[in-house]
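# Below are the sequence and a predicted model for it; my questions follow.
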2 protein chains.
Amino acid sequence: MRTMQSFAARLALAYAASGSLVCVGLDPDPARLPADLAKQPEPLLLLNRRVVDATADLTAAYKPQVAFYSSIGAEAQLEASIRYIRERAPHALVILDAKRNDIGNTAEAYAREAFERYGADAVTINPYMGEDSVLPFLARPDRGAILLCRTSNPGARDFQDLPIEGKPLYRHVADRAATRWNQNNNLMLVVGATAPQEMAALRAAHPDLPFLVPGIGAQGGELDATLQAGLNAQRTGLLVNSSRGIMYAGSGAPNQIRAAAQSLHSAINAKRAAFR
Amino acid sequence: MRTMQSFAARLALAYAASGSLVCVGLDPDPARLPADLAKQPEPLLLLNRRVVDATADLTAAYKPQVAFYSSIGAEAQLEASIRYIRERAPHALVILDAKRNDIGNTAEAYAREAFERYGADAVTINPYMGEDSVLPFLARPDRGAILLCRTSNPGARDFQDLPIEGKPLYRHVADRAATRWNQNNNLMLVVGATAPQEMAALRAAHPDLPFLVPGIGAQGGELDATLQAGLNAQRTGLLVNSSRGIMYAGSGAPNQIRAAAQSLHSAINAKRAAFR
């Protein structure tokens, strides 16, 4: 049994035990499975096991994206994958990437989905519906919520960057969340690697908030600029996610998956060592 | 087999065949099941069948809320409930209330979840991540996407009402969606009944966009003000949702469920008849 530990302590343990800021996304696209797994009965689980086996010592967190399971009714493989992570990489955080959002009693149901059904340590959520749609995900001090703030995709510019009284919307989201909703110190922000200037502004305003960073690799985010913008004074404060870049590295063989994770891990830690 | 029909035609058929603007929310809270169903093996499905049986002729649409199923691993009961709606109320739209949102390839997976796995006619989505997170849900002309715009909950004020160049954010969302993303004429907006002035402004700006309207009943929305604000020139253009007010009417007996739906249906149609 896992002990009742605050989310902040859990995150600190994940950093310390792995020595890593890497988060590995588990996005097993059913249309893009390695040939040797595609015909197996539980191919998503098998691919996830392969990735976890190859990366367990290099990884602070795993982030399964729910859509790739729910689109084909494979929730049982998601549950089994999370159980496997707990066995094989007990130090690692499990982040359910679900981007949930809804009003009070429905948000409570989604929080139960993430934290009870799947046993995740944290879940990604969306701020558009405001406070009563966010607080149910922050109610448990031992679990975290990771709020979309400035995302990594091109569409982030459509609304997140709109200026409101001199500040873009995403800054309003961050400020409101940090000052009003983070009573349990279990809030993180999603800040994309494709927007290092925006990340730097957020880091300056919120020195202690941890960021989940998508957008390295396939989406074009620059690692060095990301670390320069986002590391905190302790040289942590970031979980740098890579999904396709690790899961589908090379031909998808275990040694190629490991090499991709090792490469990201080493590049980050070299930069951290030089960071001032 | 259902024929390939545009979403707009499908919506028009649902209105015409039912003579109703009522949408019944299927939010079977596992903690709040009628006593005679709570111990049965598939209580969510049984409750939904009871509601559908009692309301099929009064209803233009059914809207199951995914969270109440996914929180307890009851996706199979959601699938079976949708199949039951198709048998019992073939005219009715099925709206998957999921508030999905994510970047391109993940949004495509969520669209497959809604339209292929569950066979829904439409799915609710969130605008925060912008264009590339929205378009995958609008790609099929025979299926619709219902974009959160001005929601019914108190937290709607936190970000949706923030003023940007003289217009609140939710108006920017509606305008962008209507002018840039609705090429297939399969877009609806979520506009809450708790904000009739905002709804009237949206109706004036977008005379032809259909609105899904939550917030009548438990959340305090006024029906008359909603209809005055939101009906279009054809006296349709709205799907007025009630979830708890119908599903948990009285003691939850079938005749009480039907009476609640009949009451809402009649009140709406009396107002429509007098609308000018």
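Alright, I've got the coordinates.

# only C-alpha atoms for contact and neighbour calcs from this point on.
Fine.

# hang on, residue A:158 packs against residue B:132?
No - look at residue A:158 against residue B:132 with Cα atoms under 8 Å: they stay out of range, at 9.8 Å.

# Looking at these two, which one has more neighbours?
residue B:132 (20 against 17; other Cα atoms under 10 Å in any protein chain shown).

# how near is the nearest residue to residue A:150 once chain neighbours are set aside to residue A:160?
Closest residue to residue A:150 apart from its sequence neighbours, by Cα to Cα, 6 or more residues apart in numbering or on different chains: residue A:191 at 4.9 Å. Separation of residue A:191 from residue A:160 (Cα to Cα, to the nearest Å): 11 Å.

# between the two, which one's more packed in?
Set side by side, residue A:191 and residue A:160 show more neighbours around residue A:191, with 30 against 22, by other Cα under 10 Å.

# quick one: contacts for the more buried one?
A:148-152, A:199, A:211-214 (Cα atoms under 8 Å, 6 or more residues apart in numbering or on different chains).

# Which member of those residues is positioned nearest residue B:92?
Distances from residue B:92 to these, taken as Cα to Cα, are shortest for residue A:148 (34.4 Å).

# Setting aside sequence neighbours, what's the nearest residue to the closest one?
residue A:190 (4.7 Å).

# Check residue A:37 too.
residue A:43 (5.4 Å).

# Overlap of the contact sets of residue A:191 and residue A:160?
The contact lists of residue A:191 and residue A:160 share A:149-150, where a contact means Cα under 8 Å, 6+ apart.

# Provide a list of residues in contact with the residue in chain A sticking out farthest from the centre.
Within chain A, residue A:165 marks the point farthest from the mean C-alpha position, 30.3 Å out by Cα atoms, centre = their mean. Residues near residue A:165 by Cα under 8 Å, 6+ apart: residue B:164.

# State the distance from it to residue B:96.
36 Å.

# Then residue A:275?
With Cα to Cα as the criterion, residue A:275 and residue B:96 are 48 Å apart.

# if you count what's nearby, which of these two comes out ahead?
Taking neighbours as other Cα under 10 Å, residue A:275 and residue B:96 compare with residue B:96 leading, 29 against 13.

# three-state assignment of that one?
Classification of residue B:96 using DSSP: H, G, I helix; E, B strand; the rest coil returns strand.

# average pLDDT for stretch A:65-76?
Stretch A:65-76 carries an average pLDDT of 98.

# Tell me the buried residues in it?
Buried residues in stretch A:65-76, counting neighbours by 16 or more other Cα atoms under 10 Å in any protein chain shown, are found at A:65-75.

# Export the residues you listed as TSV, with columns for secondary structure and distance to residue B:20.
Below are the buried residues of stretch A:65-76 laid out as TSV (DSSP: H, G, I helix; E, B strand; the rest coil; distance: Cα to Cα, whole Å):
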residue	secondary structure	distance to residue B:20
A:65	strand	38
A:66	coil	35
A:67	helix	34
A:68	helix	36
A:69	helix	36
A:70	helix	32
A:71	coil	32
A:72	coil	34
A:73	coil	33
A:74	coil	37
A:75	helix	36
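
# Can you tell me which of those is nearest chain B?
Nearest to chain B among those is residue A:71, at 3.9 Å by Cα to the nearest Cα.

# The closest one and residue B:110 touch, don't they?
Yes - in this structure, residue A:71 is within contact of residue B:110 by Cα under 8 Å, at 6.0 Å.

# where does the stretch 101-250 of chain A come near chain B, residue by residue?
A:101-103, A:106-107, A:109-114, A:117, A:126-133, A:151, A:153-160, A:162-165, A:169, A:173 (Cα under 8 Å from any Cα of the partner chain).

# residue ranges for the helices of the stretch 101-250 of chain A, please.
In the stretch 101-250 of chain A, the helices defined using DSSP state H, counting those that start in this stretch lie at A:104-112, A:131-134, A:156-159, A:169-176, A:196-205, A:223-230, A:244-247.

# okay, the angle between the fifth one and helix A:223-230?
Between the axis of helix A:196-205 and that of helix A:223-230 there is an angle of 30 degrees, by axes from the mean of the first three to the mean of the last three Cα atoms, to 10 degrees.

# Mind giving me the packing neighbours of helix A:196-205?
helix A:223-230 (3 or more Cα pairs under 8 Å, 6 or more residues apart in numbering or on different chains; DSSP states H and E).

# in the helix it packs on, what counts as buried?
Neighbour-count burial for helix A:223-230 [16+ other Cα under 10 Å]: A:223, A:225-230.

# After the worst-scoring helix or strand of chain A on mean pLDDT, which helix or strand is next?
Within chain A, no helix or strand scores below helix A:35-38, which has a mean of 88 by mean pLDDT, DSSP states H and E. Next helix or strand after helix A:35-38 toward the C-terminus (DSSP states H and E): helix A:43-55.

# Check what contacts that next one and list those residues.
By Cα under 8 Å, 6+ apart, helix A:43-55 touches A:26, A:28, A:30, A:33, A:37, A:77-78, A:80-81, A:84-85, A:88-89, A:247, A:254-255, A:257-258, A:261-262.

# what lines up beside the following helix or strand past it in the sheet?
Note on helix A:43-55: by DSSP H and E, the next helix or strand toward the C-terminus is strand A:61-64. Paired neighbours of strand A:61-64 in the sheet (DSSP bridges): strand A:22-26 (parallel), strand A:93-100 (parallel).

# which residues sit against strand A:61-64?
A:14, A:22-27, A:78, A:85, A:92-97, A:239.

# Of the residues you listed, just say which sits nearest to residue A:270.
For the contacts of strand A:61-64, the nearest to residue A:270 is residue A:22 (13.1 Å; Cα to Cα).

# Which pLDDT value belongs to that closest one?
98.

# What's opposite it in the beta bridge?
In beta-bridge terms (that is, DSSP bridges), residue A:22 pairs with residue A:240.

# same check, this time on the one 4 residues further on
For residue A:26, the beta-bridge partners are residue A:64 (DSSP bridges).

# gap between it and residue A:95?
From residue A:26 to residue A:95 the distance is 10 Å (Cα to Cα).

# With residue A:237 instead?
16 Å.

# For the helix or strand where residue A:10 lies, which helices and strands make contact with it?
Element membership of residue A:10 [criterion: DSSP H and E] is helix A:7-18. When contacts are defined as 3+ Cα pairs under 8 Å, 6+ apart, helix A:7-18 packs onto strand A:93-100.
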